[in-house]
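Enquirer: coords please:
(chains A and B)
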Amino acid sequence: DAEITQSPRHKITETGRQVTLACHQTWNHNNMFWYRQDLGHGLRLIHYSYGVQDTNKGEVSDGYSVSRSNTEDLPLTLESAASSQTSVYFCASSDTGTGTYNEQFFGPGTRLTVL
Amino acid sequence: AQSVAQPEDQVNVAEGNPLTVKCTYSVSGNPYLFWYVQYPNRGLQFLLKYITGDNLVKGSYGFEAEFNKSQTSFHLKKPSALVSDSALYFCAVRDIWATGNQFYFGTGTSLTVIP
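Expert: Numbering: from 1, shown residues only, chains lettered A, B, ... in the order given. Got it, this is the predicted structure:
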């Protein structure tokens, strides 16, 4: 079955370190998204991609970057981790398909703690 | 700007009673509306969506939602709640006139079904 996976599931790092969170989907979806989930804020969009070599900034992109070298993967990099980036991170993907109303499929999440 | 509001952080309902989780939306054009459920330590799972047509949408696990354009609402409902329905519920909207496939999520409503 097709799926979307994230690794690691849990990560503890120190302030100032570079961290990369992996996201891999086997749906063959063109669209991929990164969100962070914080209490009281719901899900907020960090970055998104509509295809290989395409990346776009979301609502809360400062301090994060992504790259899309193939259809399956969209790694999220925290250039210099800050305590404010302690959060749960979700990757999602969706099909372009024949319409623009396709639901997004979510990975299981990565819990990141920055000390 | 596109947005959704979930006015209740917490909803408690007795097992067997009907449940309602509220959502109101604000978009510049016609909305595409979605409900997701999140169980502890899991990613979001798609429940149902409204694109066009019948205002009552049926989804997974016996859930349904009613689209009300005049009240700009899309409330999630279930005739008889189960303890296993206890989870975090998110409403999301996509503006059909927006470029791309960006979703805007509410802050979530925690549903507790009391045995």
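Enquirer: Now do the strands in chain A.
Expert: Remark: strands assigned in chain A by DSSP state E are A:4-7, A:10-13, A:19-25, A:31-38, A:42-51, A:54-57, A:64-66, A:76-78, A:87-94, A:105-106, A:110-114.
Enquirer: Give me the contact list for the fifth one.
Expert: Which is strand A:42-51. Here strand A:42-51 makes contact (Cβ atoms under 8 Å, 6 or more residues apart in numbering or on different chains) with A:30-38, A:55-61, A:64-66, A:68, A:71, A:74, A:76, A:89-90, A:96, B:6, B:44, B:90, B:100-103, B:105-108. Glycine gets a C-beta too; all of them are placed from N, C-alpha and C.
Enquirer: That one versus strand A:31-38: what angle between them?
Expert: With axes from the mean of the first three to the mean of the last three Cα atoms, to 10 degrees defining the directions, strand A:42-51 sits at 160 degrees from strand A:31-38.
Enquirer: For strand A:42-51, buried residues please.
Expert: A:42-50 (16 or more other Cβ atoms under 10 Å in any protein chain shown).
Enquirer: can those residues go into CSV with extra columns for pLDDT?
Expert: Listed next are the buried residues of strand A:42-51 as CSV, based on pLDDT from 0 to 100:
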residue, pLDDT
A:42, 86
A:43, 91
A:44, 92
A:45, 92
A:46, 95
A:47, 94
A:48, 92
A:49, 92
A:50, 89
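Enquirer: Just the closest of those to residue B:26, please.
Expert: residue A:42 (14.8 Å; Cβ to Cβ).
Enquirer: Look up the closest residue to the closest one, ignoring the ones flanking it.
Expert: Nearest residue to residue A:42, sequence neighbours excluded (Cβ to Cβ, 6 or more residues apart in numbering or on different chains): residue B:107, at 4.1 Å.
Enquirer: now residue B:46
Expert: Residue B:46 sits nearest to residue A:103 (Cβ to Cβ, 6+ apart), 4.5 Å away.
Enquirer: Report how many residues lie close to that neighbour.
Expert: Residue A:103 has 22 neighbouring residues, counting by other Cβ atoms under 10 Å in any protein chain shown.
Enquirer: can you check residue B:68 too?
Expert: Using other Cβ under 10 Å, residue B:68 has 11 other residues around it.
Enquirer: So it versus residue B:23, what's the distance?
Expert: Look at residue B:68 and residue B:23: by Cβ to Cβ, to the nearest Å, they are 10 Å apart.
Enquirer: shared neighbours of the two, anything?
Expert: B:74-75.
Enquirer: where does chain A dip in pLDDT?
Expert: Of all residues in chain A, those with pLDDT under 70 make up the ranges A:97-101.
Enquirer: Mind jotting down where the helices sit in chain B?
Expert: Assigned helices in chain B: none (criterion: DSSP state H).
Enquirer: Nearest to residue B:37, out of the strands of chain A?
Expert: Nearest to residue B:37 among those is strand A:105-106; the distance by Cβ to Cβ comes to 10.8 Å.
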